[in-house]
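Participant: What would the 3D arrangement of this be:
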Amino acid sequence: MDIVLEVCDTFFFDHLYAKLFPLPPAVAGLVLQHQQQQLQQQLVEKTTTSTFDLLFNSNVSFIPQSPYEYTLIEAPATAYLTTIARTNLARQAVSLFFITWIFGILIYFTFASLSYLLIFDKRTFNHPKYLKNQMRLEIQQTMSSIPLMSLYTVPWFLAELHGYSLLYWNKDDYPSWHLVAQYPLFIAFTDFGIYLIHRGLHHPSLYKSFHKPHHKWIMPTPYASHAFHPIDGYLQSLPYHIFPFIFPLHKISYLILFTFINIWTVLIHDGEYMTNNPVVNGAACHTLHHLYFNYNYGQFTTLWDRIGGSYRRPENSLFDSQAKMDKKTWSKQVNEMERIVQTVEDDDDRQYAGDSDEKKTN
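Facilitator: As a prediction, the model looks like this:
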């Protein structure tokens, strides 16, 4: 997160903190004079180096610049004109909180909306277990949870920022094969961790308090992808944060994987069953989890569900555009779902979109 924080500091937070917590004018003048002298010296000493070399050539070292030990972007003058320096722990925590919160919302709405517009089958609205005002409720749940999930996540980012993780920048620190191997290793590690945590959240002592809010959506839309109880969402994110404290991970790979995780979470809630691959835990597998609760806990693969005896293969009808929306298919799903929900939740307190219509006909 140091890369993201530096970019945000340079283009936003430096100016904000300088405005909110400015140095006394006399001190600010001395600081600016000192910085101008340093800049002139750097212009004399600086050699011509391409951006590509700076980013990817390990033989090129970054010019040490205060307030960071190594930087990718030259800090603006405002970085030095505040009493709350970039190195201030409280400032870092506050900045990381808002970065995580805002970027979480942006990623959520961007990819959930793209999925909704381009992929999601709108006939799902007619399913008997689609909730009244469901998309609005999904978004409300997400918007109320993301700030708290962001807050819980800040300590992990602070620990990374201060060098306690195995995140690295210099690609020559590890063998070249590691740049490729870290991706499947990350997927395998987090898939196992999420399986254990997710299955644990279905234990009766935890389910109703923490995981039930996400299972409110029997037929989810892409906007249900992040609609968790905040503790549920945080717990299921733990493997992602733990990984770089156990295994080396390149900082760029970290950002790529963080983005991929959020996109994948949307894709398994989009209701478009593109693959019936027995290894991949896709949208079809995850739809069965929302319908029948006690199956397909995995995030990326079906491996641990198979080992743990919780795998359920999606029916062939789900991959037929007409059959998956057929009333006979829906009736079969509803009958089984209602039997299971009595066991898992005792009583179904959801308000379905069709409830009012049924009351009118009665």
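Participant: Please count neighbours and contacts with C-alpha atoms only from this point.
Facilitator: Noted.
Participant: quick one: residue 193 and residue 239 touch, right?
Facilitator: Yes: counting by Cα atoms under 8 Å, residue 239 is a contact partner of residue 193 at 5.6 Å.
Participant: Just the mean pLDDT for stretch 175-187, thanks.
Facilitator: For stretch 175-187, the mean pLDDT works out to 93.
Participant: Go through that stretch and flag the buried ones.
Facilitator: By neighbour count on 16 or more other Cα atoms under 10 Å, the buried set for stretch 175-187 is 182, 186-187.
Participant: just stretch 160-179 next, same as before
Facilitator: Of the residues in stretch 160-179, those with enough neighbours to count as buried (16+ other Cα under 10 Å) are 160-161, 165-168, 170.
Participant: tell me the phi and psi of residue 167?
Facilitator: With angles defined as degrees, to the nearest 10, residue 167 sits at phi -60, psi 140.
Participant: for the chain, what helix or strand is lowest in average pLDDT?
Facilitator: Confidence across the helices and strands of the chain bottoms out at helix 51-56, with a mean of 45, counting by mean pLDDT, DSSP states H and E.
Participant: and the next element down the chain from it?
Facilitator: On the C-terminal side of helix 51-56, the closest following helix or strand by DSSP states H and E is helix 89-118.
Participant: Tell me which other helices or strands that next one touches.
Facilitator: Helix 89-118 is packed against helix 2-8, helix 134-161, helix 251-267, with contacts defined by 3 or more Cα pairs under 8 Å, 6 or more residues apart in numbering; DSSP states H and E.
Participant: what angle sits between the second one and helix 89-118?
Facilitator: Meaning helix 134-161. 140 degrees (axes from the mean of the first three to the mean of the last three Cα atoms, to 10 degrees).
Participant: list the buried ones in helix 134-161?
Facilitator: With burial defined by 16+ other Cα under 10 Å, the residues of helix 134-161 counted as buried are 134-135, 137-139, 141-143, 145-151, 153-154, 156-158, 160-161.
Participant: Over to stretch 202-211?
Facilitator: Across stretch 202-211, burial judged by 16+ other Cα under 10 Å covers 202, 207, 210-211.
Participant: same question, stretch 114-132
Facilitator: Neighbour counts over stretch 114-132 (16+ other Cα under 10 Å) mark 115-116, 119-121, 124-125, 127-132 as buried.
Participant: What of stretch 318-334?
Facilitator: In terms of neighbour count (16+ other Cα under 10 Å), stretch 318-334 has its buried residues at 318-319, 324-325, 330, 333-334.
Participant: With secondary structure added, can I get the residues you listed in JSON lines?
Facilitator: Output for these, formatted as JSON lines (DSSP: H, G, I helix; E, B strand; the rest coil):
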{"residue": "318", "secondary structure": "helix"}
{"residue": "319", "secondary structure": "helix"}
{"residue": "324", "secondary structure": "helix"}
{"residue": "325", "secondary structure": "helix"}
{"residue": "330", "secondary structure": "helix"}
{"residue": "333", "secondary structure": "helix"}
{"residue": "334", "secondary structure": "helix"}
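Participant: Let me know the closest of the buried residues of stretch 114-132 to residue 267.
Facilitator: For the buried residues of stretch 114-132, the closest approach to residue 267 (Cα to Cα) belongs to residue 115, at 7.3 Å.
Participant: Next up, the contacts around the closest one.
Facilitator: Residues in contact with residue 115 (Cα atoms under 8 Å, 6 or more residues apart in numbering) are 222, 266-267, 270.
Participant: filter the residues you listed to the buried ones?
Facilitator: Buried residues within those, defined by neighbour count using 16+ other Cα under 10 Å: 222, 266-267, 270.
Participant: quick check, nearest of these to residue 8?
Facilitator: Relative to residue 8, the closest of the buried ones among the contacts of residue 115 is residue 266; by Cα to Cα it sits at 25.8 Å.
Participant: could you list every residue that touches the closest one?
Facilitator: Residue 266 sits next to 111-112, 115, 222-226 when contact means Cα under 8 Å, 6+ apart.
Participant: how close does it get to residue 257?
Facilitator: Counting by Cα to Cα, to the nearest Å, the separation of residue 266 from residue 257 is 14 Å.
Participant: Ok, residue 283 next?
Facilitator: If you measure residue 283 against residue 257 using Cα to Cα, the figure is 19 Å.
Participant: what do you get for residue 179?
Facilitator: Here the distance between residue 179 and residue 257 works out to 13 Å (Cα to Cα).
Participant: do the same with residue 2
Facilitator: Counting by Cα to Cα, the separation of residue 2 from residue 257 is 16 Å.
Participant: With residue 185 instead?
Facilitator: Computed as Cα to Cα, the residue 185 to residue 257 distance reads 12 Å.
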